[in-house]
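> Here is a sequence with its predicted model. Questions after.
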Amino acid sequence: MGGTPAGPVPRDDHDFALWEKRVDALMVLCGGKGLFTVDGLRRALEDMGEDAFETMSYYERWIAAINQNLLESGTYSIEELGARMDEIARRGPSYGEAQDG
Amino acid sequence: MAERVRVKAMMPPGHVRTPAYLRGKQGVIERALGPFRNPEQLAYGLPAEEKPLYRVRFTMGEVWGDQAECPTDTLDAEIYDHWLERL
Amino acid sequence: MPHDHLSPSGHPYRKDDDHPLTYWQTMEIAVRELLVEKQILTPSEITEQIDTMDARSPANGAAVVARAWVDPDFKARLLQDASAASREMGFDLGPLHLIAVENTKEIHNLIVCTLCSCYPRNLLGLPPDWYKTRAYRSRAVREPRKVLEEFGLTLPKETQIRVHDSTADMRYIVLPARPDGTEGLTEDALAALVTRDSMIGTGLPRQP
C-alpha cells in the first residue's frame, strides 16, 4: 500500500486485550516451532484481500492467518476446529466465561 | 562508486516482498545484507533457497517523479537479488 | 462495570473479558486449546511468551540510545551491527536483525513497513497502533514531510529525509541526535529523554 493516497494518520492507541496478547504469543511460539513462517502468515493476510483490512482488527486478521497456516500444515483439521469453536460458543456469552473449565 | 540497479517491473501474483511502488525504479546498492531464505517460497511452505538481499537507496524524485514532495529525499528498501537488474 | 474506564497507562481498554464473545476470539480459544491438547504448546509457554513480550518496551531502546550518546565506541558498534550491540547490553532480541540509522543535523531518518507492520518488537515491544494503519504505511514513503508535520515535527528544507521501508528481513531503529544542553546528564537521565517516536523517526527526544 506504499504511496496510496490516504487521510491523516489516526493517533489513538490502545492497550492490548488478553486475547490479542495470546494471538501474538501463538504467532511467535508456533513460528518458533516451525509450524509456519512469518511469510506464510503474510501471504494468508494478503489473500484475505483489501476488505479484511477495513472490516477486521489487526489481531483478528492475525488469528485468521495463523489458523489458515495451521490448517494447511495439518496441525489440526477443519472438523476439529469447527467442533471446538461450536463448543466454545456454547460455554458462555463473554471471552472470560468461554475459557476452558 | 555505488552500484546502480533497477528493480524489475514484473507484476506476478502471489506473495513477494518487493513493494509495487518501487517496481521499475532505479537506485544504488546501499549495502549488501547477506543471504536470506526466499520469502516467495517460504510463504507457501516450500523449501526455500537462500537469496542475496540488498538495501537499495532511491531518490524520492526517481520514485514519485513530479509528485515527489522533495526530490532529493531518499528511500531505502530491502530488495532480493532476483528482483534487481544491474545497470 | 463501565467500559470507558482507562488502563493504568491512560489508554482505553478494548474488547475486554466482559464484552460479548466474538467469532475471532472463539477462534483464538479453539486454536490455543487444540495446540495444547496436541502437545505442541503448553499453557505456561503461552503465559511466559506474553510476559516476555510485555517486558519489552521502548525503555530498552532508550537505554541503547543513551549508551550510544555517551560512549563513542559503543555508538560505532551500534551503527555497525545494532543487534550485536543491543545484545551486548543484555537485551534478548531473539532472531532480530537490527539496523540503527543515525539522525544528524543534515539527515533525519523515518521508519515504516509498507507491506505489513515490521517493527523492532524484540527490542521496543509491540508497535503503536498508528504504525500499523493504512494511512501511515501509505503516506510515510510518499509524503514523509507532511506526515512528520502531523506528528508536530517540521524539518528545515535543508535537512534530508531518509525513509526506510522495512520490506524484508531487517528491522530499524533511529538513533536520534543528542539534544543540546545535555552535557552534564547521566546515562539514565539521557535515556529518560528518548521517546518511542524518536526511535521511529516521527519525533525528537525530549529537551531536558
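Noted; the coordinates are in hand.

> Let me see the confidence value for the closest residue to residue C:63 other than its chain neighbours.
Nearest non-adjacent residue to residue C:63, counting by C-beta to C-beta, 6 or more residues apart in numbering or on different chains: residue C:191, 5.1 Å away. Placement of C-beta: from N, CA and C, glycine included. Looking at residue C:191, its pLDDT is 98.

> Can you spell out which helices and strands pack onto the helix or strand harbouring residue A:68?
Assigned by DSSP states H and E, residue A:68 falls within helix A:58-72. Packing partners of helix A:58-72 (3 or more C-beta pairs under 8 Å, 6 or more residues apart in numbering or on different chains; DSSP states H and E): helix A:18-32, helix A:38-47, helix A:50-55, helix A:78-89, helix C:23-37.

> For stretch A:2-21, C-alpha coordinates in PDB please.
As requested, C-alpha coordinates have been extracted for stretch A:2-21 and formatted as PDB (Å, rounded to 0.1, in the frame of the first residue of the first chain):
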ATOM      1  CA  GLY A   2       3.000   2.300  -0.100                       C
ATOM      2  CA  GLY A   3       2.200   5.500  -1.900                       C
ATOM      3  CA  THR A   4      -1.600   5.100  -2.000                       C
ATOM      4  CA  PRO A   5      -3.400   8.400  -1.100                       C
ATOM      5  CA  ALA A   6      -4.800   8.300   2.400                       C
ATOM      6  CA  GLY A   7      -6.000  10.600   5.100                       C
ATOM      7  CA  PRO A   8      -4.400  11.800   8.400                       C
ATOM      8  CA  VAL A   9      -2.700   9.100  10.500                       C
ATOM      9  CA  PRO A  10      -5.100   8.200  13.300                       C
ATOM     10  CA  ARG A  11      -3.200   8.700  16.600                       C
ATOM     11  CA  ASP A  12      -5.300   6.900  19.100                       C
ATOM     12  CA  ASP A  13      -3.700   3.900  20.800                       C
ATOM     13  CA  HIS A  14      -5.000   1.100  23.000                       C
ATOM     14  CA  ASP A  15      -3.700  -1.400  25.400                       C
ATOM     15  CA  PHE A  16      -3.800  -4.900  24.100                       C
ATOM     16  CA  ALA A  17      -6.600  -7.200  25.400                       C
ATOM     17  CA  LEU A  18      -5.600 -10.600  26.800                       C
ATOM     18  CA  TRP A  19      -6.900 -12.400  23.700                       C
ATOM     19  CA  GLU A  20      -4.800 -10.100  21.500                       C
ATOM     20  CA  LYS A  21      -1.700 -10.900  23.500                       C
END
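
> Look through chain B and tell me its longest strand.
Taking DSSP state E as the criterion, chain B has its longest strand at strand B:26-37.

> The following helix or strand past that strand near chain C anywhere?
For strand B:26-37, the following helix or strand on the C-terminal side (DSSP H and E) is helix B:39-42. Yes - using C-beta under 8 Å from any C-beta of the partner chain, helix B:39-42 comes into contact with chain C via residue B:39.

> Does anything pack onto helix B:39-42? Which helices or strands?
When contacts are defined as 3+ C-beta pairs under 8 Å, 6+ apart, helix B:39-42 sits against helix A:38-47.

> before we move on, the earlier item: now tell me what touches the longest strand of chain B from outside.
B:2-7, B:48-59, B:62, B:76, B:78, B:80, B:87, C:97, C:168-170 (C-beta atoms under 8 Å, 6 or more residues apart in numbering or on different chains).
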